[in-house]
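Asker: Give the three-dimensional model of this entry:
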Amino acid sequence: MRKRRKLVAVAVGATLASLGVLAATGAAGPSISLTPVPTANAKTAGMSRPNLLSPELQDVTWAQGSMPVENPANGISYYGYDDGGTFLPVPGAYSAGPPAGITYPQVAPIEAGKTEPDKNTYLVLDNQKGADPNYDYGRHFLYQGHELGSPGYITRINLDADGPHRVTLIATKDASGNLPAFDGSTWDPWAKRLLFTSEGASSGGVWQSTLDVPGKVDNLQAYLGVGGYEGIQNDDRGQLYIVEDVGGSTNTNKVKPPNSFVYRFKPKDPADLTQGGTIQALQVLGTDGLPVTAADGNLATYGDNPPKYAALHVYGSTFKTKWVDLTTTTSASTLPGPGVNALAKSKGATPFKRPENGVFQPGSKFRKYYFTETGDTDNRSTATSTGGFGSLFALTQDPKSDDGSISIFYNGNLEHAGFDNIQFFGENQLAVVEDRGDTLHGQQPNGLDSAWMFDTTADYANPAAKPVRFIAEGRDASATIDSGLGGLGLPGSVFGNEGDNEITGIHVSDGDPGKGGILGAKKPKPFKGDGKWRAFWTQQHGDNNTFELIPSNADRAAAYDG
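Answerer: Residues are numbered from 1 along each chain as shown. The predicted model follows:
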């Protein structure tokens, strides 16, 4: 397997040696050139669709939901499914009655629950063990938490391994019992722990795991708080930046209020997060010098486009920011931990419309942080000037200070909407993927999710500057079936899976586990001849495939396929 990796590296360099800057943005800076995919895949009832990539790229499948884990335990035998059901409905497993009622020939679920592997974390490590003490698992690993199901769990894809050893189950339990479902993940080189976030608004938080098999998992809610945490990332001081997705109630105009915060955790000892620290939330000061608060985003008071929030989304405007202290925890702090959303509101922090993920710009010395707003994921939303279709914000700061500034980088629209995971592919080349959701997929313009490449040197206030679509996600057969089942109104005990596929876990890393390897510390160089930098994404729902993006080159594909 290691010999094949050398062949891959040579082929990569030959493929992309002549590629220049990113086409169609009109600005220099990015390191690779991608031809845009012209349109999104359309959603058609009962029809699956293939993924469409820029012609310079192709996918390698590293794991699929039905792949067995090598060490099944606690009701988890497969990479992307809970035990207790078939992977697809057996013919006759259900029957839909008239609108007034539905009858079921069986009580059990009509198919197994899909656990949805989520955010990817790539590491290059020595001497990692698995379930087989006599097997060499290699050095290249991809870690994930799983977003749905009970128990929640952590897996490791062994990228150098054969099929029977490809996926290792790291953990399903902490000291108190089953793990929750996880969304975000990262590697903390100060604590030397994998960190996973759980999105439950009143039960979510951060958990840490060792790299062992089985991993030792600790619940960190007592120290980092309880909240709907999702994206998580270190800066070069060992501080943690965490974004929250707590959507709030949708009104009759399909608008959600700004209800979720961006947090910073300043640990007392970065090497031991159980020593506690200070939890902060981001506060934006409006043009009047006063904090923009949750009260300023009250839809009943100010309508669907509250003025202070509309101002935040005006191109060319910059607003002062401040990290405000919410609370300080210590090694003596106990569960359940402080509720961060309520604390942030009480301290006058600024909520956003479903921020989900954030990342530092390489070369900025952790002074530039981009984060997404997912928005309302409904084309009927009337929040047209306050992030209803998603947004990208740029926070400028000094990690040593509480002060900074923020500006809108990109305002979404019906074609570019539902922004979720975010990742740099180069110094100025920023990939953002969509989570439009089944509702927006089926509305006009009818389109499944896309992945976009932005140029951070471009001015998107200019209509001529456009991001490049490099993935038009399709819909696999399993997701097509699930989308149809989701429209029948079946109770969760019978059918509880998601519908259309979603792009998630976009990730670019050289796998460096040291402090100098955290995302944002180095300028990414994917697809280069040394083969160190690698790019991954996961197609959630349906078959739950995890892919690596590689150049479209027959020699490289042959090297991977053996």
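Asker: Need the residue closest to the centroid of this protein.
Answerer: N421 (4.0 Å; CA atoms, centre = their mean).
Asker: And for the closest residue to R49 other than its chain neighbours, the neighbour number?
Answerer: Closest residue in space to R49, ignoring its immediate chain neighbours: G474 at 3.5 Å, by CB to CB, 6 or more residues apart in numbering. All C-beta atoms are positioned from the backbone trio N, CA, C, and that covers glycine. For G474, the count of nearby residues is 22 (other CB atoms under 10 Å).
Asker: which ones are touching G474?
Answerer: G474 makes contacts with 41, 48-52, 448, 501, as judged by CB atoms under 8 Å, 6 or more residues apart in numbering.
Asker: Any chance of a ChimeraX selection covering the buried ones in those?
Answerer: Selection of buried members from those for ChimeraX, criterion 16 or more other CB atoms under 10 Å:
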select :41,48,49,51,52,448,501
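Asker: between the contacts of G474, which is nearest K216?
Answerer: Checking those against K216 by CB to CB gives N501 as the nearest, at 33.6 Å.
Asker: what about the closest residue to G316 other than its chain neighbours, which SS state?
Answerer: Spatially, and ignoring its direct neighbours in sequence, G316 is nearest to A461 (6.3 Å; CB to CB, 6+ apart). What DSSP: H, G, I helix; E, B strand; the rest coil gives for A461 is coil.
Asker: Pull up the gap between A461 and F454, please.
Answerer: A461 is 13 Å from F454, where distance means CB to CB, to the nearest Å.
Asker: again with G248
Answerer: Distance from G248 to F454, by CB to CB: 27 Å.
Asker: Over to P151?
Answerer: 37 Å.
Asker: Q361: neighbour count?
Answerer: Residues near Q361, counting by other CB under 10 Å: 20.
Asker: try the one 3 residues further on
Answerer: In terms of burial, S364 registers 15 neighbours under the definition other CB under 10 Å.
Asker: just the one 5 residues further on next, same as before
Answerer: Using other CB under 10 Å, the number of residues around Y369 comes to 25.
Asker: before we move on, back to that, compare neighbour counts for G248 and F454 and give me the winner.
Answerer: A direct count of neighbours by other CB under 10 Å for G248 and F454 places F454 higher, at 27 against 18.
Asker: The more buried one is in contact with K466, isn't it?
Answerer: No - applying CB atoms under 8 Å, one finds F454 not in contact with K466, separated by 9.4 Å.
Asker: Give me the distance between the residue nearest to G316 and Y315.
Answerer: Going from A461 to Y315 by CB to CB gives 4 Å.
Asker: do P257 as well
Answerer: 23 Å.
Asker: swap in T350?
Answerer: 19 Å.
Asker: Look at the two and report which has more neighbours.
Answerer: Neighbours per residue, other CB under 10 Å: of T350 and Y315, the larger number sits with T350, 28 against 13.
Asker: Local confidence estimate at the more buried one?
Answerer: T350 carries a pLDDT value of 98.
Asker: Run through the residues that contact it.
Answerer: T350 makes contact with 258, 261, 281-284, 291-293 under the criterion CB under 8 Å, 6+ apart.
Asker: In which helix or strand does the nearest residue to it once chain neighbours are set aside reside?
Answerer: Leaving aside its sequence neighbours, T350 sits nearest to V284 (CB to CB, 6+ apart; 4.2 Å). Following DSSP states H and E, one finds V284 within strand 277-284.
Asker: Could you list the low-confidence segments of this protein?
Answerer: Within the chain, the ranges that satisfy pLDDT under 70 run 1-31, 92-108, 554-562.
Asker: Go through it and flag its longest strand.
Answerer: When the chain is parsed with DSSP state E, its longest strand is strand 318-328.
Asker: Show me what that strand is packed against.
Answerer: Here strand 318-328 touches strand 277-284, helix 340-346, strand 403-411, going by 3 or more CB pairs under 8 Å, 6 or more residues apart in numbering; DSSP states H and E.
Asker: now the helices for the stretch 101-250 of the chain?
Answerer: For the stretch 101-250 of the chain, the helices defined by DSSP state H, counting those that start in this stretch cover 221-224.
Asker: my guess is A535 contacts T546, does it?
Answerer: No - assessed by CB under 8 Å, A535 is found out of contact with T546, at 11.9 Å.
Asker: So if I had to pick from these two, which one is more boxed in?
Answerer: Between A535 and T546, T546 has the larger neighbour count (other CB under 10 Å), namely 29 against 21.
Asker: Contact partners for the more buried one?
Answerer: Neighbours of T546 in contact, by CB under 8 Å, 6+ apart: 61-64, 117, 120, 142, 144, 157, 505, 536-539.
Asker: For my notes, confirm it occurs in a strand.
Answerer: Yes - counting by three-state DSSP, T546 is part of a strand.
Asker: Endpoints of stretch 37-52, how far apart?
Answerer: Stretch 37-52 has its terminal residues 7 Å apart, counting by CA to CA, to the nearest Å.
Asker: Which residues does that stretch contact?
Answerer: By CB under 8 Å, 6+ apart, stretch 37-52 touches 53-54, 59, 415, 441-442, 445-450, 469-477, 479-480, 484, 500, 539.
Asker: Equivalent analysis for stretch 68-82, please.
Answerer: Applying CB under 8 Å, 6+ apart, the contact partners of stretch 68-82 are 63-67, 83-84, 87, 112-117, 130-132, 146, 149-151, 153, 155, 164-169, 172-173, 178, 213, 543-544.
Asker: go on, stretch 327-341?
Answerer: Looking at what lies outside stretch 327-341 - CB under 8 Å, 6+ apart - the contacts are 201-202, 205, 219, 221-228, 244, 246, 259-261, 263, 268, 274-279, 281, 326, 343.
Asker: Just the terminal-to-terminal distance for stretch 361-372.
Answerer: 14 Å.
Asker: ditto for stretch 183-201
Answerer: Between where stretch 183-201 begins and where it ends, there is a gap of 13 Å, by CA to CA.
Asker: and if you look at stretch 493-500?
Answerer: Stretch 493-500: ends 20 Å apart by CA to CA.
Asker: Tell me which residues of it come out buried.
Answerer: For stretch 493-500, the neighbour count (16+ other CB under 10 Å) marks 494-500 as buried.
Asker: what does stretch 365-377 give?
Answerer: Buried residues in stretch 365-377, counted by 16+ other CB under 10 Å: 366-377.
Asker: what do you get for stretch 449-458?
Answerer: 449-456, 458.
Asker: and if you look at stretch 233-248?
Answerer: Neighbour-count burial for stretch 233-248, counted by 16+ other CB under 10 Å, picks out 233-235, 238-248.
Asker: Which of the residues you listed fall within strands?
Answerer: Among the buried residues of stretch 233-248, the ones falling in strands (DSSP E) are 233-234, 240-244.
Asker: just the buried members of the contacts of stretch 68-82?
Answerer: Buried members of the contacts of stretch 68-82, scored by 16+ other CB under 10 Å, are 63-65, 67, 112-117, 130-131, 146, 149, 151, 153, 155, 165-169, 172-173, 213, 543-544.
Asker: My guess is V124 contacts W533. True?
Answerer: No - in this structure, V124 is not within contact of W533 by CB under 8 Å, at 11.0 Å.
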